[in-house]
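Enquirer: one predicted model, sequence on top.
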Amino acid sequence: MVYALGTLLVIGLLLLIISFFMNNRFKVIETELEQLSMDHIQNQYVMNNKLKVLEEELLTETTNLGEYSNQQSKNNDLIKQKEPTVVQRVVGLFEEGYSFKEIEDQTGLSQDDIKVIVHQKTNKQAFA
């Protein structure tokens, strides 16, 4: 009987010592969960900051939208007034359906110049 108790005591002590050297699975899962939680919090913080910036941009755009449209129409009128008559004539002829060759004959400009003018006007670029 003493041998049986001694054997059980030795086995118990060996198992206790071995348990200290074994990997704790719960510790690994806990650190992974903490890391995942921190990543989620960081992503949420970044998203909230981006959302605030977008809201501010939208808020300023909506308040300035009326002012912007009025100012843009005034600018377009000023740009049209500042355009040289040759440019206005080329654009007018192009809009009427004349070919580049016909516009060249009527204005005396080269076809390359006419193409540049038409390209700039179709992209709504101003002439200085």
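Expert: Done, it's in.
Enquirer: show me the helices in the chain, by range?
Expert: For the chain, the helices defined by DSSP state H occupy 2-21, 25-82, 85-95, 100-107, 111-122.
Enquirer: and those helices, which one is worst for confidence?
Expert: Mean pLDDT is lowest for helix 25-82 out of the helices of the chain, coming in at a mean of 76.
Enquirer: how is the chain partitioned into domains?
Expert: When the chain is parsed with automatic domain parsing, its domains come out as 35-82, 83-123.
Enquirer: any chance of these in JSON lines, plus mean neighbour count?
Expert: To be clear about C-beta, it is placed using only N, CA and C from the backbone, and glycine gets the same treatment. JSON lines is the format used below for the domains of the chain (neighbours: other Cβ atoms under 10 Å):
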{"stretch": "domain 35-82", "mean neighbour count": "10"}
{"stretch": "domain 83-123", "mean neighbour count": "14"}
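Enquirer: closest one to Val28 among the ones you listed?
Expert: domain 35-82 (10.8 Å; Cβ to Cβ).
Enquirer: ok, back up a step: which of the domains of the chain sits closest to Gly6?
Expert: Closest among the domains of the chain, using Cβ to Cβ: domain 35-82, at 46.2 Å.
Enquirer: great, nothing more from me.
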